[in-house]
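Visitor: Quick one, fold the following:
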Amino acid sequence: MNSSSGDDEAPKDPRTGGEDFTQQFTENDFEGHRAHTVYVGVHVPGGRRHSQRRRKHHHSGGGGDGGGSGRDSISEKQQEVERPVTPPAQRVQFILGEDVDDGTHVSHPLFSEMGMLVKEGDEIEWKETARWIKFEEDVEEGGNRWSKPHVATLSLHSLFELRTLLQNGTVMLDMEAQNLETVADLVCDQMVSAGTLPAGVKDKVKDALLRRHRHQHEYAKKARLPIIRSLADIGRNHSSTKKDMVKSPSSLSMARQSSGTELSEHKGNTHFMRKIPPGAEASNILVGEVDFLERQLSCFIRLSQAAVMGDLTEVPVPTRFIFILLGPPGSQTNFHEIGRAMCTLMSDEIFHEVAYRARKRDHLLAGVDEFLDAVTVLPPGEWDPTIRIEPPAAIPSQEVRKRPPEFPKEEIDEEEEEQRLREESGLSRSGRLFGGLINDIKRKAPWYWSDFRDSLSMQCVASWIFLYFACLSPIITFGGLLAEATGKNMAAMESLISGFVCGMGYGFFSGQPLTIMGSTGPVLVFESIIYEFCLNMGWDYMTFRFWIGMWVAGICIVLTAIDASALVCYITRFTEENFATLIALIFVYKAIENVAVIGKGFPVNQGVYDCICTPPPESNASFLEFAKYKWDSCQSYNGTLVGLDCANPPTENIFLMSVVLCAGTFIFSTVLKEFKNALFFPSIVRQYISDFSVLIAISSMTFFDYYLGVPTPKLEVPHELKPTLSTRGWLIPPFSEKNPWWSSVIAVFPALLGTILIFMDQQITAVIVNRKENKLKKGCGYHLDLFVLSILIIICSVMGLPWFVAATVLSINHVNSLKLESECSAPGEKPQFLGVREQRVTHILIFLTIGGSVLLTPLLGHIPMPVLFGVFLYMGIASLSGLQFFHRILIMFMPAKYQPDYMFLRQVPIRRVHLFTIIQLACLIILWLIKSFSQTSILFPLMLVVMIGIRKSLDLVFTRRELKILDDIMPEMTKRAAADDLHQLDAEVGFCQKYLPCFAGLCRRKPKASFKNGVDGNAAGLITCNTATANEKEIEAQSSLLNK
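Guide: Numbering: from 1, shown residues only. Coordinates of the predicted model:
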């Protein structure tokens, strides 16, 4: 145990003799610290506080910790006054920066428990009143339950009182003790030797410390105890001595503890044990008032080795820290607040590490001072202290408090940093044929088997079923539209087979299996234009399409060979969010439009329905008795339907029922998806309900439709596995009598347009899936994806199947359905987003079941189409909710005081944000108009390329700093961490405008190599003029950040 005779040192353990464990530092050690500009000193809040401490030590004769008072010489007083004041943060950083010489000072997670000495009848015992893992939980007053976890709110007075107790009270570090009885003996002996505890009350203090510890979970059992005890037990218990009744099992020796019989009375809270982090240790805070003391006694104890001490702790966790505070009556409330302050300090990440590493009292005081420096004070008149603050959704990192301020880093070349990020993502040119493809295979091969192992989760089952229905409906709908556009050369059956072929091939061999394959609107427009051209020329459509597919696949393979996917790096948030918003709006629009089409086919106001149920001829019943029976129940009562409309059922309720089914599916899916954050049921039940939300919505709405019996439109799936058009087979001949030989050559021209369409569709979706905020760990595979897609296009062209490419909305919903969150262990801790469950199995199963949908026709035929339209609506809205563009549109309609606290609103003026949003919204409207008209829809893929050019031209309108914030795929938390740097960043445009009067229109750039030398007379990218208005430090900061 560390000890010293100085009043800044912890006392000796009486059992360690005179051995001194204090580290001896030489002048070289101090010189080394000076060389690194680290200052070590004692925090002196004021000379008055030190004078009080010295005066108290002088009168007590031994000080609060047993140290001598002979050091109060005049020379040392002068040294203390002249000693430089080191900020507490620097002292804490120095303490935490020291190497841990052994395993005893390695920090562990802490469970803190506070017990108060209370009187239960004639018995005195320690009662558990609060506990901490990360947040405070209190025993409710008058209620036999724990409160909700909440952020601890402390009074400054209690913190200052606690600091005084640590400064003047007893501090014993690295005590050698294995049970509470030994701890009580050592503490009492130390206090007596220091003169803070009269010898006459030593036994009473020890007896108070060894009283029974009653925990909250035991009180229910205690209340039931008199009911189940026999009279003999009661008499025997009353005949025993009171001291034996309340003696704590933690006072037993380790030898007796090992038998396991004497501790049978105390049973730990095993249910709460699962909330405790692995490897945790306990800190026990014991506060109370006794009538035999005239002054406060306090002791902070750190054991050299953590030990389980019987019933001291609620859970069977070894105790490492003990804080004892006893005092005369009348201070119960004050003691309770000081105990809460101590528990809160121990639950603080920084102080609890300081407590593990502290070698003397001053280290603990430095930890308290650093905590006080970092604490936030709320004014008393502006909030209610009784209000419990909910735990935050994301706990900010405390790493800044641990490490010293960083020195300015060396300038990082912007192009080199960008090149490094490209190489990590596989978006850098390799310089050799198929180099990018080879690198993608090398990057993804080590993860291949884990892509199957990582799918062993119920979350994957829920994602599979959800995406199955989400993919099946558009495939069948797309097949119906394709049948009209291609003269039934390709229809629903061909779409199902294409989904099976493309989905299985892409799932097994792609670089990013989270991307879902699907049919898209631009591909449908392309197919219809080619069919009309062949119809006008009198050519065979499928043969000409075969050659177009061969050319498209060949061009895509060439693009893979030359690493053309590296151009994806030019697709920024501006372009990808425009594309994703467009596709999401199409899903929303189509869902509403399809329900409206049902309304046109089955209007609500149809006029009079001419059909009535009449009684049978031989019946004596009146017409009024049978008129109440409906169309579907008349015959069951032997009635006869009479009227002109009796051949068809009444349809006035079909549209209303369709609206109910669509809206119900959307609402059920949305509400149940967020059910994981609800207050009902255990967390595992909430998680399952959230994962299977869409399946529950589809099943419930289908059963509701079946129960009411309204003849709503149902899902139609082909019954037989054969081509829709009987004149064609499953293999397309490459040549036809109707097509001239040169038709295969000119097919390269429509193939170029098709290549642009497929390339942009595929790569923009891949960029959205591979966003940094999704925290994918297994890398990207842009080149491999394009190569696999080329092979699949060849197969589909040979078999006469529709081409499938990456579907944006389906892929976004696939990623969202597989998001991983941390398992909350500590009470009050909110789940944190960890990433996405990256695997291939869901993709494979989705399209495997789509291929087998022909066999499930009897079951799928009961699903109403409005239910699937509700799934469309849900997917579109869910995709929009995660887009910054959509959030910025909503902000345009919000008053400033109600706007969310987004990082881009902190860094960019609101007018500039609105201007950027308006430009992006104008581009979205242009894309929508081009897509909506058949004459211009073929230009849609070219407009995506134009979007990249428009984004590039924004460099002339916005500063680089503004674009860095508004158009960057950097995650939100990373932006917040970099906020201090970004507010200094100014781009060439803004900087030139700022200093326009001083350089006559010239804004010269510095050569790339000269950036590494800092700012000089010819500063690159900065203004080459010397003016008093241009602050030198501001120029340096801007120059360094521009390089980043």
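
Visitor: Spatially, which residue comes closest to G327, not counting chain neighbours?
Guide: Excluding its sequence neighbours, the residue lying closest to G327 (CB to CB, 6 or more residues apart in numbering) is Q296, at 4.1 Å. C-beta: built from backbone N, CA, C; applies to glycine.

Visitor: What is the burial count for the one you found?
Guide: 20 (other CB atoms under 10 Å).

Visitor: any idea how far V871 is from C471?
Guide: 10 Å (CB to CB, to the nearest Å).

Visitor: which sections of the stretch 401-550 of the chain are below the confidence cut-off?
Guide: Counting by pLDDT under 70, the stretch 401-550 of the chain has low-confidence residues at 404-426.

Visitor: Name the SS class of V118, please.
Guide: strand (DSSP: H, G, I helix; E, B strand; the rest coil).

Visitor: domain assignment for the chain?
Guide: Listed domain ranges for the chain are 109-133+157-215+271-378, 448-600+659-823+838-882, 610-650, 883-992 (source: the TED database).

Visitor: Turn the ones you listed into JSON lines, including distance to L437.
Guide: Output for the domains of the chain, formatted as JSON lines (distance: least, CB to CB, whole Å):
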{"stretch": "domain 109-133+157-215+271-378", "distance to L437": "43"}
{"stretch": "domain 448-600+659-823+838-882", "distance to L437": "4"}
{"stretch": "domain 610-650", "distance to L437": "59"}
{"stretch": "domain 883-992", "distance to L437": "23"}
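
Visitor: hey, where'd the strands end up in this structure?
Guide: Assignment of strands within the chain using DSSP state E yields the ranges 110-120, 123-132, 136-138, 170-175, 213-214, 281-289, 297-307, 319-327, 517-518, 612-614, 640-642, 805-806, 819-821, 833-836.

Visitor: thinking again about what came up before, flag whichever of the domains of the chain has the least confidence on average.
Guide: Note on those: domain 610-650 shows the lowest mean pLDDT, a mean of 70.

Visitor: thinking P831 is in contact with S690, fair?
Guide: No. Proximity of P831 to S690 does not meet the contact threshold set by CB atoms under 8 Å, at 11.4 Å.

Visitor: got the contact list for the closest residue to L293 other than its chain neighbours?
Guide: Spatial nearest neighbour of L293, excluding adjacent residues (CB to CB, 6+ apart): P328 at 5.2 Å. Listed by CB atoms under 8 Å, 6 or more residues apart in numbering, the contact set of P328 reads 289-291, 293-296.

Visitor: quick one: contacts for the residue nearest the centre of the chain?
Guide: Ranked by distance to the mean C-alpha position of the chain (CA atoms, centre = their mean), the top residue is F833 at 1.9 Å. Contacts here follow CB under 8 Å, 6+ apart; on that basis F833 touches 775, 819-821.

Visitor: Using a markdown table, lay out those together with neighbour count and distance to F135.
Guide: Converted to a markdown table, these look like this (neighbours: other CB atoms under 10 Å; distance: CB to CB, whole Å):
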| residue | neighbour count | distance to F135 |
| --- | --- | --- |
| K775 | 14 | 25 |
| K819 | 15 | 25 |
| L820 | 16 | 23 |
| E821 | 13 | 18 |
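
Visitor: Mind picking the one among these that's closest to C343?
Guide: Checking those against C343 by CB to CB gives E821 as the nearest, at 28.0 Å.

Visitor: So the closest residue to the closest one other than its chain neighbours versus P391, what's the distance?
Guide: Spatial nearest neighbour of E821, excluding adjacent residues (CB to CB, 6+ apart): P831 at 3.9 Å. Distance, P831 to P391, by CB to CB: 11 Å.

Visitor: And N439, by the same measure?
Guide: 44 Å.

Visitor: For D138, give its distance to T386.
Guide: The gap separating D138 from T386 is 12 Å, by CB to CB.

Visitor: relative to its centroid, which residue of the protein is most remote?
Guide: E618 (73.8 Å).

Visitor: circling back to that earlier point, tell me the phi and psi of the residue nearest to G327?
Guide: phi -70, psi 140 (degrees, to the nearest 10).

Visitor: I'd say it and P329 touch.
Guide: No. The pair Q296 / P329 is not scored as a contact, 12.0 Å apart, by CB under 8 Å.

Visitor: Retrieve the pLDDT associated with G70.
Guide: 40.

Visitor: Pick the one among the contacts of F833 closest to W449.
Guide: L820 (19.4 Å).

Visitor: if you skip the residues just before and after it, what's nearest to the closest one?
Guide: L834 (4.4 Å).

Visitor: That neighbour and R453, how far apart?
Guide: 17 Å.

Visitor: do R302 as well
Guide: Applying CB to CB to R302 and R453 gives a distance of 44 Å.

Visitor: Counting neighbours around each, name which of the two comes out higher.
Guide: Between R302 and R453, counted using other CB under 10 Å, R302 has the larger neighbour count: 24 against 9.

Visitor: Report the contact partners of that one.
Guide: Contacts of R302 (CB under 8 Å, 6+ apart): 172-175, 320-321, 355-356, 358.

Visitor: Closest one to K204 out of these, please.
Guide: The closest of the contacts of R302, once distances to K204 are taken by CB to CB, is M172, at 20.3 Å.

Visitor: From R302, how far off is that closest one?
Guide: In terms of CB to CB, M172 sits 7 Å off from R302.

Visitor: do the same with S683
Guide: Counting by CB to CB - S683 and R302 are separated by 35 Å.

Visitor: circling back: for G435, find the nearest of the domains of the chain.
Guide: Across those, closest to G435 is domain 448-600+659-823+838-882 (CB to CB), at 6.3 Å.

Visitor: can you tell me the distance between the two ends of the closest one?
Guide: 29 Å (CA to CA, to the nearest Å).

Visitor: For the closest residue to T170 other than its chain neighbours, list the residues it contacts.
Guide: Leaving aside its chain neighbours, T170 sits nearest to C299 (4.1 Å; criterion: CB to CB, 6+ apart). Going by CB under 8 Å, 6+ apart, C299 touches 169-172, 187, 190-191, 322-324.

Visitor: next one: T153
Guide: So T153 contacts 378, 385, 389 (CB under 8 Å, 6+ apart).

Visitor: what sits against the second one?
Guide: P385 makes contact with T153 under the criterion CB under 8 Å, 6+ apart.

Visitor: where's it relative to N179, distance?
Guide: For P385, the distance to N179 - CB to CB - is 39 Å.

Visitor: circling back: of D138 and T386, which one has the most company?
Guide: A direct count of neighbours by other CB under 10 Å for D138 and T386 places D138 higher, at 17 against 6.

Visitor: The more buried one contacts K148, correct?
Guide: No. The criterion here is CB under 8 Å, and D138 misses it with K148 at 9.4 Å.
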